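[1] got a sequence here, can you model it:
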Amino acid sequence: LVGKASSTYAPTSSWAARVGVPKELRINKHQIDLAFAVTDYKVQGKTLDYFIVSLGKRGAGVYPKLKLVDLHVLVSRVRLGARLFVIGLNP
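    Have a look, this model is predicted:
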């Protein structure tokens, strides 16, 4: 389904025939991908295939502040540098 807005699926199992599943199902894909956030403590000791680091401005009262050591832990968890994406950085 990646890259398509919708797709069709034809169930072929005997169970689908017994319970009356239609012969053709249309699957609509949402334009939103699920994601989740982790902290530097959560990724310590793990290796990730892809990683996106968001370094935008934080709102007032958002703690703890990101330290250089924390940033190193985050960016060193990805297998390949080409799969590390940094967004929100204005050098």
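
[2] my read: Ser54 touches Gly88, true?
    Yes. Counting by CB atoms under 8 Å, Ser54 sits close enough to Gly88 to count as a contact (5.1 Å). Any C-beta I mention is one placed from the backbone N, CA and C, and that applies to glycine too.

[3] run the chain-centre distance for the longest helix anywhere in the chain.
    With secondary structure taken from DSSP state H, the chain has its longest helix at helix 68-75. Per CA atoms, centre = their mean, to the nearest Å, the displacement of helix 68-75 from the mean C-alpha position of its chain is 20 Å.

[4] tell me which strands the next helix or strand after that helix pairs with, and in which orientation.
    For helix 68-75, the following helix or strand on the C-terminal side (DSSP states H and E) is strand 84-87. When sheet partners are counted by DSSP bridges, strand 84-87 sits next to strand 51-54 (parallel).

[5] now tell me what touches the partner strand from outside.
    Contacts of strand 51-54 from elsewhere in the structure, counted by CB atoms under 8 Å, 6 or more residues apart in numbering, are 35, 71, 74-75, 77-78, 83-88.

[6] how about low-confidence regions in this protein?
    Applying pLDDT under 70 to the chain picks out residues 1-4, 30-36, 56, 58-64, 89-91.
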